[in-house]
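[1] Predicted model, plus sequence, below.
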Amino acid sequence: MPPPDSTAVGTPLDTPLDAPAHDVGTQGSPRDAEECWTRVQEALRARIVPEQFDTWFLQARLLVVDEPETGLEVSLAVLNTYTCDWISKYYSPAVESAVHSVLGQKCRVRITVDPEATVPPAPAPRESRPPLDSGPSAGAPPALAPGAGLLWNSDVVLNHKYTFENFVVGPCNRFAHAAAVGSGERPGKNYNPFFLHGRVGVGKTHLLQALCFSILERDPSARILYLSCETFVNHFISALENGDLDGFRTKYRNVDVLVVDDIHILANKERTQEEFFHTFNTLYQAGKQLVLSSDSPPKDIPTLQERLVSRFRWGMVTEIEPPCYETRMAIVKRKSRDQGRELPDTVAQLIAEQIDQNVRELEGAVTRLLGFSSLTGKPLTLELAREALGDLLQANHGAPTMDDIISAVTSKYGVKLSELQSKRRTKSITHPRQVAMFLARRITRHSLEEVGGFFGGRDHSTVIYAVDRVSKAVRSDPEVRKQVEGLLGRLGAPSDGRL
């Protein structure tokens, strides 16, 4: 989703409602703003489902309510640009309607990124926090209030479905699962830091949240700060601008567990890396647990300081790989049972065979199929599955994508994506990398720059060299020609004599 031109978005409301106006004053005092935001939140809850409200609005705050020359203006502060973009794109009408119903007059709603302005009322003292296992069923996951157990500036809300009990374990994720369980059992002692890496949609978020649940079940008063690396960067920039580095450091270094998602965003940010280095050291030396996730291992994150790479590797670095067929089948079966219906084996096999890289897509396909069956009243058959999931199945089995190429090459040569994207230049890595670049140029529409960027940020000249080298090899070396033709055939793009 492309970001908007600015981090502030707003649309004037044209149709006044009959609700009484709320006298917020022209100075935007904290008391008026807080009272107004409480009423707007109540109005929002009536307009959107609870899960959406908890995800996007629980941590937003009313920043200012004033009356500029253009009329009444309301400004909401959110933690990061992603939240700003998402609310602006999908929830602007609901926000505008809620604000208008409270204020009862024409106004403009602006959404701004201001991490430090999103401070809610002070949390309850640690000793007064309610236990997390006080739900109606002792065997059920703890019935937490949204965000309970996490510090206010965490930019996620724990999903009760993301527990270790609900995680389907298979050969591709068994080691990562065991390491996450170990980290949750003895935080700060077993594996510290715990560094989890893997491509999008393979279960990293599930394991990270399950780890948090595991810690909170043992110690409900544990102070867990769970946020994206983007939020850490935004908080640091805001602290620099406001001259409040002491407050920033107090916030990040006074926790029991620090969970940072997408730590690879630190690439090319030298000053932020410096600050994170000292935050890491402070927490580590105090015996606090650090949990990090990334799309690649520490050594392959571009421009990451060597001392950070070294520290990230002090504890446990583990990869979670795309699920194998058996694991995908188990996920499909589990997801359908959780929704109250069992998929026939033939239908489950179709989904597991054709959606083979992304667990989220796999689960989404099950939900979509079951919903389609319920709405139409038709039985769960192969024909219905193809009808309901036609576009999704075609998307996964249409023209070969870069992911298809990588999957074929890594399987053929026994290498990992992280190795293809690394700076290693051994023959066992460079040859598969060059073949992958050759195939990408041969059967996709990606430019030289796009292909090079995918393989660790290499420039176009490197891609040209790789394509030329493989082209010459297939003409002079029968073994290389056989390899490339086999890969093209596997990808559904036969050589047709053009090699």
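    Cool, the structure landed.
[2] What segments of the stretch 301-450 of the chain are helices?
    306-312, 325-338, 345-354, 359-376, 382-388, 390-396, 402-413, 417-420, 427-443, 448-454 (DSSP state H, counting those that start in this stretch).
[3] Identify all contacting residues around the longest one.
    Surrounding helix 359-376, the residues in contact under the criterion Cβ atoms under 8 Å, 6 or more residues apart in numbering are 201-203, 323, 328, 331-332, 335-336, 339, 341, 343, 347, 351-352, 355, 378-380, 384-385, 387-389, 392, 396. Where you see a C-beta, it was placed from the backbone N, CA and C, and this is true even at glycine.
[4] residues contacting the residue lying closest to residue 446 once chain neighbours are set aside?
    Counting by Cβ to Cβ, 6 or more residues apart in numbering, residue 446 lies nearest to residue 440, which is 5.8 Å off, once chain neighbours are set aside. Counting by Cβ under 8 Å, 6+ apart, residue 440 touches 402, 405, 446, 451, 454.
[5] Next, work out how far apart residue 440 and residue 468 are.
    As judged by Cβ to Cβ, to the nearest Å, residue 440 and residue 468 stand 14 Å apart.
[6] re the thing from before, and of the contacts of residue 440, the nearest to residue 234?
    residue 454 (26.8 Å; Cβ to Cβ).
[7] Test my guess that the closest one contacts residue 405.
    No. Using Cβ atoms under 8 Å, residue 454 makes no contact with residue 405, being 9.6 Å away.
[8] Settle it for me: which of those two has more neighbours?
    Between residue 454 and residue 405, counted using other Cβ atoms under 10 Å, the more crowded position is residue 405 (26 against 20).
[9] Next one: the closest residue to that one other than its chain neighbours relative to residue 357, how far apart?
    Spatial nearest neighbour of residue 405, chain neighbours left out: residue 439 (4.9 Å); criterion: Cβ to Cβ, 6+ apart. Distance, residue 439 to residue 357, by Cβ to Cβ: 17 Å.
[10] neighbour count winner among those two?
    Set residue 439 next to residue 357 and count neighbours by other Cβ under 10 Å: residue 439 wins out with 25 against 19.
[11] for that one, what are its contacts?
    Shown in contact with residue 439 (Cβ under 8 Å, 6+ apart): 405, 408-409, 484, 487-488, 491.
[12] for residue 176, same thing?
    Counted by Cβ under 8 Å, 6+ apart, residue 176 has contacts 196, 198, 203, 207, 318-320.
[13] Please produce JSON lines containing these, extended by pLDDT, neighbour count and distance to residue 373.
    Listed next are the contacts of residue 176 as JSON lines, based on pLDDT from 0 to 100; neighbours: other Cβ atoms under 10 Å; distance: Cβ to Cβ, whole Å:
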{"residue": "196", "pLDDT": "93", "neighbour count": "26", "distance to residue 373": "35"}
{"residue": "198", "pLDDT": "87", "neighbour count": "24", "distance to residue 373": "32"}
{"residue": "203", "pLDDT": "87", "neighbour count": "26", "distance to residue 373": "26"}
{"residue": "207", "pLDDT": "93", "neighbour count": "28", "distance to residue 373": "31"}
{"residue": "318", "pLDDT": "90", "neighbour count": "20", "distance to residue 373": "38"}
{"residue": "319", "pLDDT": "89", "neighbour count": "20", "distance to residue 373": "36"}
{"residue": "320", "pLDDT": "88", "neighbour count": "24", "distance to residue 373": "31"}
